[in-house]
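**Student:** Next input, structure requested:
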Amino acid sequence: MRNRQSNTAKSGAVLTALALLSACALPSVDPIAIPADVADYIPADIDMSEVNRDTNGCYFYTYGASLFTVNDASGTPICHPDISA
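**Tutor:** Have a look, this model is predicted:
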């Protein structure tokens, strides 16, 4: 009987740990449509799922722990505020 209670307690602890860990998981976000004029300025080694838009419609991407704006050839951030996200 004691062994059965011990296994039940272990199972409960494992389930609790899994529930807590799942709360820490990163949320999934649907990829956005990236216009060709934006994609042209995203480095080739950047996964397109890392590209997003801010509330002003400006594109950015993450690389490692850093955030970078997508800039055109003159260094100006590329923004399309007229396209709904």
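**Student:** Give me the neighbour count for Pro35.
**Tutor:** Pro35 is flanked by 12 other residues according to other Cβ atoms under 10 Å. Yep, even glycine has a C-beta here, placed from its N, CA and C like the rest.
**Student:** what's the closest non-adjacent residue to it?
**Tutor:** Take Pro35 and drop its neighbours on the chain: the residue closest to it by Cβ to Cβ, 6 or more residues apart in numbering is His80, 6.8 Å away.
**Student:** For the one you found, give its distance to Ile32.
**Tutor:** 11 Å (Cβ to Cβ, to the nearest Å).
**Student:** Now do the shared contacts for these two.
**Tutor:** Arg53 (Cβ atoms under 8 Å, 6 or more residues apart in numbering).
**Student:** To what extent is Arg53 buried, counted in neighbours?
**Tutor:** Counted with other Cβ under 10 Å, Arg53 comes out at 19.
**Student:** whoops, Val51 was the one
**Tutor:** Val51, neighbours per other Cβ under 10 Å, totals 19.
**Student:** That one against Pro35, yeah?
**Tutor:** No. Using Cβ atoms under 8 Å, Val51 makes no contact with Pro35, being 10.7 Å away.
**Student:** so who does the closest residue to Pro77 other than its chain neighbours touch?
**Tutor:** Computed as Cβ to Cβ, 6+ apart, the closest residue to Pro77 that is not its neighbour in sequence is Thr69, at 4.4 Å. Going by Cβ under 8 Å, 6+ apart, Thr69 touches Cys58, Tyr59, Phe60, Pro77, Ile78.
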